[in-house]
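**Student:** Quick one, what's the 3D model for this:
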Amino acid sequence: MARLFERDHRDSSEKSRRLYAAYEILYTGVDFGAALTFIIGSFMFLSEEWQTVGTYFFIVGSFLFAAKPTIRLVREIRLARMGDVEDLAERLGK
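**Tutor:** So this is what the prediction gives:
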């Protein structure tokens, strides 16, 4: 059975390399979005009248940071499943 977070999964085929690259781009975009919302929220906290909006930016940034491990886990599950199809077929005798 394929294990999660094994480096071999990302290089096992052209399809797995494309999938891995797509998830890395998504992960990096979420990372930039989280950092940007925290920077903007921090500047908004310098003004009392912008603190409420700044708080919402922090909340959005927190959700983005929480999405990062979810993206990695989903990617690894998909890569593991891609590598496990042949093993599953062999076990089923197909």
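**Student:** in this protein, which helix has the most residues?
**Tutor:** helix 51-91 (DSSP state H).
**Student:** In contact with the residue sitting nearest the centre point of the chain, which residues?
**Tutor:** Residue closest to the average C-alpha location in the chain (C-alpha atoms, centre = their mean): I71, at 2.4 Å. Contacts for I71 were tallied using C-beta atoms under 8 Å, 6 or more residues apart in numbering; they are 23, 26-27, 30. Heads up, the C-betas are built off the backbone N, CA and C, glycines and all.
**Student:** rerun that using 6 Å as the cut-off
**Tutor:** I71 makes contact with 26-27, according to C-beta atoms under 6 Å, 6 or more residues apart in numbering.
**Student:** just L64 next, same as before
**Tutor:** By C-beta under 6 Å, 6+ apart, the contact list for L64 reads 30, 33-34.
**Student:** element containing the closest residue to it other than its chain neighbours, please.
**Tutor:** Leaving aside its chain neighbours, L64 sits nearest to A34 (3.6 Å; criterion: C-beta to C-beta, 6 or more residues apart in numbering). Using DSSP states H and E, A34 sits within helix 14-44.
**Student:** just for the chain, where's the confidence low?
**Tutor:** 1-12, 83-94 (pLDDT under 70).
**Student:** The longest helix of the chain vs helix 14-44, what angle?
**Tutor:** Interaxial angle, helix 51-91 versus helix 14-44 (axes from the mean of the first three to the mean of the last three C-alpha atoms, to 10 degrees): 170 degrees.
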